[in-house]
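A.B. asks: give me the fold of what follows.
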Amino acid sequence: DFSRRLTPPQQQRVLDGIFSSGGDGEARPLWPHNLQLLVNEVSRWLSYDQAVDGSALMAVGDPTRLLEALFDRLERDHSPVLVAHVIGLLSLAKEGLSIVEMEDLLSSIDDVLLDCFAWWTPAIPRFPPLLLTRLLNDMGPLLGQREAQNGAALLTWEYEEYRVV
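C.D. replies: Got it, this is the predicted structure:
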């Protein structure tokens with residue numbers, strides 16, 4: 001939505017954060033491939049959002065803290081259990097995972113199913129694909145896609161740095 005505007009303090013925080021100083025006083029530019037993450041997070045800010053510790057607003061100048069703030073938001077918006085398991089599965093899969101493989105793996109993890117079906121237990125406990133679709137959609141800029149030897153689309157981290165955060 002191009003009608004949204006940052007407040008002056010938010011604008012200054014973004015500009016200061018893009019080229020912030022490390023502890024040694026040397027300029028430390030933001031990773032170029034994280035600029036898209038920054039734009040995605042900034043577009044979610046509300047006019048009354050403040051720069052507090054742990055928020056994306058404070059993490060602007062630090063790529064690692066920006067990713068951690070993004071993961072924290074994903075946990076708030078979806079579920080800490082689901083986000084932790086999806087991040088773990090993507091990080092462990094060397095070549096990536098198809099969406100069907102991820103659904104199968106999530107369906108086999110009791111903690112995920114208990115978290116997902118807290119108020120109701122279906123006859124056949126299977127992880128709901130819509131929950132995974134919503135989470136993967138929110139993780140969009142973090143994810144890359146590769147083609148398996150059989151032609152199947154595999155999800156993986158877009159950049160190796162994301163695997164180790």
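
A.B. asks: the helices in this structure, which residues?
C.D. replies: Under the criterion DSSP state H, helices of the chain are mapped to 8-18, 35-42, 63-77, 80-92, 99-107, 110-116, 129-138, 160-164.

A.B. asks: now Pro128. Its backbone dihedrals?
C.D. replies: The phi/psi pair for Pro128 (degrees, to the nearest 10) reads phi -70, psi 120.

A.B. asks: which residues does Ser107 contact?
C.D. replies: Counting by C-beta atoms under 8 Å, 6 or more residues apart in numbering, Ser107 touches Leu113, Pro125, Arg126, Phe127. Glycine gets a C-beta too; all of them are placed from N, C-alpha and C.

A.B. asks: who wins on neighbours among those?
C.D. replies: Phe127 (21 neighbours; other C-beta atoms under 10 Å).

A.B. asks: Asp72: which of the contacts of Ser107 is nearest?
C.D. replies: Of all the contacts of Ser107, Phe127 has the smallest distance to Asp72: 22.7 Å, by C-beta to C-beta.

A.B. asks: what's the closest one in contact with, if anything?
C.D. replies: Contacts of Phe127 (C-beta under 8 Å, 6+ apart): Glu103, Leu106, Ser107, Val112, Leu113, Cys116.

A.B. asks: Throw those residues into a markdown table and include pLDDT, thanks.
C.D. replies: Formatted as a markdown table, these follow (pLDDT from 0 to 100):
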| residue | pLDDT |
| --- | --- |
| Glu103 | 96 |
| Leu106 | 96 |
| Ser107 | 95 |
| Val112 | 94 |
| Leu113 | 93 |
| Cys116 | 90 |
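
A.B. asks: roughly how far is stretch 158-165 from the heart of the chain?
C.D. replies: Mean C-alpha position of stretch 158-165 versus that of the full chain (C-alpha atoms, centre = their mean, to the nearest Å) differs by 11 Å.

A.B. asks: try stretch 127-143
C.D. replies: Mean C-alpha position of stretch 127-143 versus that of the full chain (C-alpha atoms, centre = their mean) differs by 10 Å.
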